[in-house]
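Chemist: 3D model of this:
(one chain, ligands or ions: 1)
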Amino acid sequence: MNLENLSEVLSSEPKYRFQQVNKFVFQDFISSWQEASNLPKALREKLDFACPLDIDYELVKDQDRNSQKALIILGDNESVETVLIKQKAGKQAESEARYTACISTQVGCPLACTFCATGLAGFKRNLESFEIVNQLVFWGRHLKNHGKIDNVVFMGMGEPFLNYEEFIKAAKFINNPETLNIGARRLSVSTAGIIPGIKRLAGEKIQMNLAISLHAANDSKRRKLMPKASKYTISDLIKAVDNYINKTGRRVMFEYLMIKGVNDSEEDANELAALLHRPLYFVNLIPYNETGRYQASSPDTIKRFRGYLEDKGVPTTIRLSFGADINAACGQLHQKNR
Ligand code: SF4
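Modeler: Residues are numbered from 1 along each chain as shown. As a prediction, this is how the structure comes out:
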């Protein structure tokens, strides 16, 4: 899908056409201009030619059907992965299911975290904002008539704050009532701790959620897991997060992958609690989906670890890990490719 020529095509049209077109593409999720029935036929034909709506993709479903992964093929034949996660309690009707879309901001990732399939596959290029948004348009079309995207997480391939301009442009577009109209509080961005990005986000008007991928409670351990992101020390990171909280008054989530024998001991928990026992901080423990190099902590270890943190007053949740079957869970995107 490419709307680059839209302004030119609509330049001789009345102003309300923009609103009409935005509604067709980003709210009604048409996949052909022929579906835009109240546009004049000649305009539909022009749009067909100058602003193609097709999105090239491959879709994979996991076994329990709670998450689906799609590979979106870009104009230059590179590809990115995006995941749709369905949350529905046992007795809830299908129509009450809620959907979270996890979207990518880069093709690959330059940070090369040692536990992450995306990082290990290398970096190709930044996505443009429309390529980020198109991932949601894809899921919007996919869910059409039986559901809608409730939440968006910028947690797919890539580090959003290393592509800040395009990331924030996409976030504002997604939030715009005239386009995708998804509330800022339903948008979350996860960073490996890129401090300039945290500072910039604190100054944005958009009140979206911030998550920090921490994964270790001291610099030497973090350097082994996240060698490039560790260019920013943990103490500087904490200062940046404190400033962010002072400015925005919003809670910040610290993501912590549970890796067997690496960061899951009682000592690790105590060190983490000492670091994160601060106002508006909370921890999300993430069961690790093995990508070859490390092993996952057992469910009992994760529960015990949570207990240690909570005993020290740190609010802690355990993430339900969807999508392991299709390599769509955290740190697994790009494990298998086309
Ligand atoms: S964990 Fe995130 S920041 Fe690290 S390599 Fe993977 S995608 Fe990049």
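Chemist: stretch 190-207: how far from the chain's middle?
Modeler: 14 Å (Cα atoms, centre = their mean, to the nearest Å).
Chemist: and stretch 291-308, by the same measure?
Modeler: Relative to its parent chain, stretch 291-308 has a centroid offset of 23 Å by Cα atoms, centre = their mean.
Chemist: could you number the chain from 14 rather than 1 from now on?
Modeler: Let's use 14 as the start, then, which means that last one is stretch 304-321.
Chemist: lowest-confidence helix or strand of the chain?
Modeler: helix 130-133 (a mean of 82; mean pLDDT, DSSP states H and E).
Chemist: what helix or strand is the residue located most distally from the centre of the chain located in?
Modeler: For the chain, the residue at maximal distance from the C-alpha centroid (Cα atoms, centre = their mean) is A55, at 38.5 Å. Using DSSP states H and E, A55 sits within helix 54-63.
Chemist: that helix: what's the following helix or strand?
Modeler: Using DSSP H and E, the helix or strand that follows helix 54-63 towards the C-terminus is strand 69-74.
Chemist: paired strands for that following strand, with orientation please.
Modeler: strand 80-86 (antiparallel) (DSSP bridges).
Chemist: centre of the chain to the strand it pairs with, how far?
Modeler: Worked out by Cα atoms, centre = their mean, strand 80-86 lies 13 Å from the chain centre.
Chemist: what does stretch 182-198 give?
Modeler: Taking mean C-alpha positions (Cα atoms, centre = their mean), stretch 182-198 and its chain are 14 Å apart.
Chemist: residues in contact with that stretch?
Modeler: Residues from elsewhere that reach stretch 182-198 (Cβ atoms under 8 Å, 6 or more residues apart in numbering): 32, 35-36, 39-40, 118, 142-143, 145-146, 149, 153, 162-165, 167, 200, 202, 219-222. To be clear about C-beta, it is placed using only N, CA and C from the backbone, and glycine gets the same treatment.
Chemist: average model confidence for that stretch?
Modeler: In this model, stretch 182-198 has a mean pLDDT of 97.
Chemist: please save the CA atoms from that stretch in PDB.
Modeler: Extracted in PDB, the C-alpha atoms of stretch 182-198 (Å, rounded to 0.1, in the frame of the first residue of the first chain):
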ATOM      1  CA  LYS A 182       5.200  10.000  13.300                       C
ATOM      2  CA  ALA A 183       3.500   6.600  13.100                       C
ATOM      3  CA  ALA A 184       2.400   6.700  16.800                       C
ATOM      4  CA  LYS A 185       0.700  10.100  16.300                       C
ATOM      5  CA  PHE A 186      -0.900   8.900  13.100                       C
ATOM      6  CA  ILE A 187      -2.300   5.800  14.800                       C
ATOM      7  CA  ASN A 188      -3.700   8.000  17.600                       C
ATOM      8  CA  ASN A 189      -5.300  10.600  15.200                       C
ATOM      9  CA  PRO A 190      -9.100  10.500  15.500                       C
ATOM     10  CA  GLU A 191      -9.400  10.900  11.700                       C
ATOM     11  CA  THR A 192      -7.200   7.800  10.900                       C
ATOM     12  CA  LEU A 193      -6.800   4.800  13.100                       C
ATOM     13  CA  ASN A 194      -8.100   6.500  16.300                       C
ATOM     14  CA  ILE A 195      -6.400   4.300  18.800                       C
ATOM     15  CA  GLY A 196      -6.200   6.000  22.200                       C
ATOM     16  CA  ALA A 197      -2.700   7.000  23.400                       C
ATOM     17  CA  ARG A 198      -3.100   5.000  26.600                       C
END
